[in-house]
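# okay, sequence plus prediction incoming.
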Amino acid sequence: MKTPWIMLLAGLGCAGLAQAQTTITVATVNNPDMVTMQKMTKAFTEAHPDIKVNYVTLAENELRQKITTDISSGGGQYDVITVSNYETPIWAKNGWLKAMDHLPDSYRVDDLIPSVRQGLSYEDKPYALPFYAESSMTYYRKDLFEKAGIEMPDQPTWSQIKDFAQKVHDPKNGVYGICLRGLPGWGENMALFSTMVNSFGGRWFNEQWEPQLTSEAWHEAANAYKTLLTQYGPPGSTSNGFTESETLFANGQCGMWVDSTVAAGYLSNPDNSKVHEHVGFARAPHEKTEAGSSWLYAWALAVPESADHPEAAQTFVDWATSADYIQSVADQYGWLSVPPGTRQSTYESQGYQKVAPFADLVEKAIQSADPEHPTAEPVPYTGIQFISIPQFQAIGTRVGQIMAGILSGQTSVDEGLDQAQAFTERLMRRADVAK
Amino acid sequence: MSDPSSNPSSRQRAPTKRLMAPSVLFLLVWMIVPLAMTLYYSLQDYNLMMPDMRGFAGFLSYELLFTDPVFWDALLNTLLLVATCLLVTVVAGLALALLFNRTFVGRGIARTLAISPFFVMPVVTGLIWKYMLLDPVYGLFSWVMRSMGFEPIQWLSSYPLLSVVMMISWEWTPFALLILLTGLQSLPEDQLEAVRLDGANRWQEFRHIVLPHLGQVLYVVIMLESIFFLTSFAEIYATTSGGPGTATTNLPYYIYLGAFFQYDIGLSSAAAIGAVVLANICAIFLIRFVAGNLNAGSQR
C-alpha cells in the first residue's frame, strides 16, 4: 500500500520542478564532437539553471529515421534535432523547422563560413545553426611515400592516386594501397562516389531532370572506384564506412585515404593515431574537372516547429554553436578537439593554427565547395555529394547498395548502372520534381 | 436436416455460435483494420518527406512495385531463405533429436546447451555472427582458416545469402530439435521392441516406426518455422543490411527499406499487401498439407 504515497510524492516533486525547470530533449548523432558536447553541457546548465538537457544519441541512420518520422508526423518528441545541410532546406520548405532569425549580435553570424551558412538556409533565412562542417580531402602516409620514392602533389588526380596505390600496396605487411568508403548508404559510400562522378564530369540529372547514370562519366568513375578498392583496398571494403576507414588509417593499414576533413584532428592526435607523425594532407583528387571533387557537409542543430519548449531549445542551440563554445572546448580538451569548419575565428586563432597543420587546407576546401555548380556541365539541382530533393535519400540509398554490389562482384558495372538508372527513372516518375 | 428446429443438435450449437461471436469479432477487427489501412495507403501517394503531394494514386504503387526488379529478387530471396532454412533446420534438428534421445552421461546439460541458441535474440544472433564468427579480419572462422594456412573467406560479401541461412538455421535448429525430441519421447517403447523381434534393422525401424510417429510433429515444426522464416528481418538488418547489392533483401527488408529509407508509405503498403498474398499462398498449401496429415493420423 505504499505505492500511492510514493506516486503522490513523485507527482508533487515533478510539479514543483516543472515550474522551476524546463527539460529539453536533444536528438543527436554519436560522433566524437557530439560526445564532447554532452560532456560540456554541464557548463550550459550551470549558466541556465532553469533548463535541463536530455540527450537521445543514436547512429546516423537510426537518428535520421527517428527524426524524420517524428517531425513529419508532428510528434514533437524532440526540442533540438541534429540535421545536415541536406535536410535543412527541404524541411524548412515543408514548414517543419523554426527559422533562426532571432540571433543576437553577440552570436556573430558573419563569423560563420559563408558556404556553410548558405547550405543551412532556405530563401536566405537560416533554419539551422552549424555545429561542425566538413569537406573531403586526401590523407596519405608520408613515410610510405618516401620509401616508394613518390611525391603527393597538392591536388592529385584519380589516375595518379591509382599509380600511388599500386606503389604503396603491401598487403603482406598489412598495408593496403588505399582505403575508401564502401559501406552502402547515401551518406556513406555515395558521398565519396558522388564526388568521384562529379570530378569525372558526370552529373545525376541533365537540365530536363532526366537521370544520367549510364553516361560515360559514370562508367569511368565506377570502374575507377571498383579497380581501386578491389585491387588495392582492404578486405571486406563493403562494410567500411567513415568510422571503419578512420580506424584502419589510424592503425597504419592504409597508404592513402580520401574522406572527410573532420578526421584530420583525430589522425593528428597521438592518443588515437599510430601514424600521427606521418600523416600527409592534400586536396581531394579530381580528374576531368575540379568542380564538385570535394564535398560540403554540415551537421547542424535545429528546432522543429513541433518542439515543446522552443525558447529553451533555441538558447541551447545558440550556446552549442557559438564561438565561445569552441573556445571553451579548446580550453578544456585542446584545440584538436574543437568542432571544425563552422567559424572563421577558429581558423584565425593561433592556438588552432599551431596544432593543426591541415587548417588552411580544410578552410579552403570548405570555402571553395560550391553546391550550385557541382560539376562541369550545368545541373538543375544544388548539392555536391547529395542533391537537394526529397527523393535523394531513396535514390542514394539504392544506388549505394548497387555500388556495394558492384564492389563485391555481385553485379557488373554495366548491369549495376543500368539498374541504378532504372530505379532513378521510376522514382522520378512517382513524383515529378521538374513540375 | 434443412429445417433447424427438427434437428436437436443445431439448437445446441446455436448458443455456442453466439458465445463465439465476441472472439470472432475481436479477431476480425484485429486483422481487418490494419489490413484495410494498408490497402488504403497502398492506393495513396503518401511520402513522409513530401507533405504537399498527397492524394489518390490509383494502382501506381502496384505498377511501380511489379516493375521493380528488386521486388522480384526480394520475393525469390524470401522463398529461397524459407526453403533452405526449413531443409537445414529440420534435417539437422531430426539428427540431433535422435542423438539426444539416447541415454548418455550429462544428457541434461547437453540438451540445455543444444537448445540455448534459440533463446538468443535475433539481433544478437546477427551481431555475434557478424563480429565474432564471420568477420574476415578477426572472426573465429577466419582464424581457423588462417591457422590451417588458407585465405579466410569473406562470408558476408562473397556468400551473403548462405551466411544468413547459416545464422537463421543456427538459431532455429534447436527449436526443431526441441519439438522433435518431445515427439520421440512419446514413442512407445513396445512398438520398437516388437519390430526388433520381427528382425527389423536400424533403418527399417527408423523408416517404418519412428518417422511415421513423428509425422504430425514434423508438420507442426514445418508450419511454425515457415511462418517465422517468411518474416526474418533482424538477422539481415544486423549483418548485411540487405546487401551487398540486393543479395539478401527479402520481402520484410524490402518493405523496411521502402518505409524508412524512401519514406514511401504508398509503395511499402503495396509491398506489404504483396507479402500478405504470398503468406496466404504458403498458408493454403501448408494447412492442406497439415490438415491432410492430421486426418490421415486420426484415421490410422
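Arrived safely, thanks for sending.
# rest of the way, CA atoms for contacts and neighbours
Will do.
# residues from the stretch 151-300 of chain A in reach of chain B?
Those residues of the stretch 151-300 of chain A that sit near chain B, judged by Cα under 8 Å from any Cα of the partner chain, are A:P235, A:G236, A:T238.
# how many neighbouring residues does B:L25 have?
Burial measure for B:L25: 11 neighbouring residues, criterion other Cα atoms under 10 Å in any protein chain shown.
# one step back: neighbour-wise, which one of the residues of the stretch 151-300 of chain A next to chain B leads?
Neighbour-wise, these (other Cα under 10 Å) top out at A:T238, 26 neighbours.
# please report phi then psi for the residue nearest to that residue when sequence neighbours are not counted.
With Cα to Cα, 6 or more residues apart in numbering or on different chains as the measure, A:G182 is the residue that lies nearest to A:T238, at 4.2 Å, once sequence neighbours are left out. Listed backbone geometry of A:G182 is phi -130, psi -10, with angles given as degrees, to the nearest 10.
# A:G182 against A:F193, yeah?
No: counting by Cα atoms under 8 Å, A:G182 stays clear of A:F193, with 9.2 Å between them.
# pull out the buried residues from the helix or strand where B:Q204 lies.
Using DSSP states H and E, B:Q204 maps to helix B:202-205. Judged by neighbour count using 16 or more other Cα atoms under 10 Å in any protein chain shown, the buried positions of helix B:202-205 are B:E205.
# which elements pack onto it?
Packed against helix B:202-205 by the contact rule (3 or more Cα pairs under 8 Å, 6 or more residues apart in numbering or on different chains; DSSP states H and E) you find helix B:189-197.
# compare A:G182 and A:F193 (neighbour count), which wins?
The neighbour count for A:G182 versus A:F193, taken as other Cα under 10 Å, is higher for A:G182 (30 against 23).
# what's near enough to touch the more buried one?
Contact analysis of A:G182 by Cα atoms under 8 Å, 6 or more residues apart in numbering or on different chains lists A:E188, A:N189, A:S237, A:T238, A:S239, A:N240, A:G241, A:A404, A:L407.
# equivalent analysis for A:S368, please.
Each residue near A:S368 by Cα under 8 Å, 6+ apart is listed here: A:S115.
# quick one: it and A:V83, what's the gap?
Distance of A:S368 to A:V83, given as Cα to Cα, to the nearest Å: 22 Å.
# now swap in B:L43 and tell me
Using Cα to Cα, we find B:L43 at a distance of 31 Å from A:V83.
# between the two, who's got more neighbours?
Each of B:L43 and A:V83 had its neighbours counted (other Cα under 10 Å), and the higher figure belongs to A:V83 (27 against 21).
# could you say which helix or strand holds that one?
The secondary structure element spanning A:V83 is strand A:80-84 (assigned by DSSP H and E).
# partners of that strand in the sheet?
Paired neighbours of strand A:80-84 in the sheet (DSSP bridges): strand A:22-29 (parallel), strand A:297-302 (antiparallel).
# confidence-wise, which of the residues of the stretch 151-300 of chain A next to chain B comes last?
Among these, A:G236 has the lowest pLDDT, at 81.
# what about the strands in the stretch 1-150 of chain B?
Listed in chain order, the strands of the stretch 1-150 of chain B (DSSP state E, counting those that start in this stretch) span residues B:44-45, B:55-56.
# wait, what's in contact with whichever residue of chain B sits closest to chain A?
Using Cα to the nearest Cα, the single residue of chain B nearest to chain A is B:G245, 3.7 Å away. Taking Cα under 8 Å, 6+ apart, we find B:G245 in contact with A:Q401, A:I402, A:M403, A:A404, A:G405, A:I406, A:Q410, A:T411.
# hang on, the earlier thing: make TSV from the residues of the stretch 151-300 of chain A next to chain B and add secondary structure to it.
Supplementary listing: those in TSV, determined by DSSP: H, G, I helix; E, B strand; the rest coil:
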residue	secondary structure
A:P235	coil
A:G236	coil
A:T238	helix
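# nearest to B:W203, of these?
For these, the residue nearest B:W203 by Cα to Cα is A:G236; the value is 46.0 Å.
# give me the domain ranges for chain A.
Following the TED database, one finds the domains of chain A at A:22-133+A:297-367, A:135-295+A:372-431.
# centre of the chain to the shortest one, how far?
It refers to domain A:22-133+A:297-367. Mean C-alpha position of domain A:22-133+A:297-367 versus that of the full chain (Cα atoms, centre = their mean, to the nearest Å) differs by 13 Å.
# in stretch B:125-140, what counts as buried?
Taking 16+ other Cα under 10 Å as the basis for neighbour counts, the residues of stretch B:125-140 that come out buried are B:125-130, B:133-137, B:139-140.
# in the stretch 301-435 of chain A, what residue is nearest chain B?
Taking Cα to the nearest Cα, chain B has its nearest neighbour within the stretch 301-435 of chain A at A:G405, 3.7 Å off.
# give me phi/psi at the closest residue to that residue other than its chain neighbours?
Across the structure, with Cα to Cα, 6+ apart as the measure, the residue nearest A:G405 apart from its sequence neighbours is B:G245 (3.7 Å). Backbone geometry at B:G245, expressed as degrees, to the nearest 10, gives phi 60, psi -120.
# B:G245 and B:Q262: what is the separation?
Plainly put, B:G245 is 17 Å away from B:Q262 if you go by Cα to Cα.
# what's the answer for A:D33, then?
Shown here: A:D33 relative to B:Q262, a distance of 28 Å by Cα to Cα.
# look at those two and report which has more neighbours.
Between A:D33 and B:Q262, counted using other Cα under 10 Å, the more crowded position is B:Q262 (24 against 18).
# so that one touches A:Q391, yeah?
Yes: using Cα under 8 Å, B:Q262 is in contact with A:Q391, at 7.2 Å.
# tell me where chain A has strands.
Listed in chain order, the strands of chain A (DSSP state E) span residues A:22-29, A:51-58, A:80-84, A:121-122, A:125-126, A:129-134, A:136-141, A:176-179, A:254-260, A:279-283, A:297-302.
# make a markdown table from those and add mean pLDDT to it.
Converted to a markdown table, the strands of chain A look like this (pLDDT from 0 to 100):
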| stretch | mean pLDDT |
| --- | --- |
| strand A:22-29 | 92 |
| strand A:51-58 | 92 |
| strand A:80-84 | 94 |
| strand A:121-122 | 92 |
| strand A:125-126 | 92 |
| strand A:129-134 | 93 |
| strand A:136-141 | 95 |
| strand A:176-179 | 95 |
| strand A:254-260 | 95 |
| strand A:279-283 | 94 |
| strand A:297-302 | 94 |
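# redo the ones you listed as CSV? Include distance to B:L267.
Conversion of the strands of chain A to CSV gives the following (distance: least, Cα to Cα, whole Å):
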stretch, distance to B:L267
strand A:22-29, 28
strand A:51-58, 27
strand A:80-84, 26
strand A:121-122, 29
strand A:125-126, 33
strand A:129-134, 34
strand A:136-141, 35
strand A:176-179, 36
strand A:254-260, 34
strand A:279-283, 42
strand A:297-302, 30
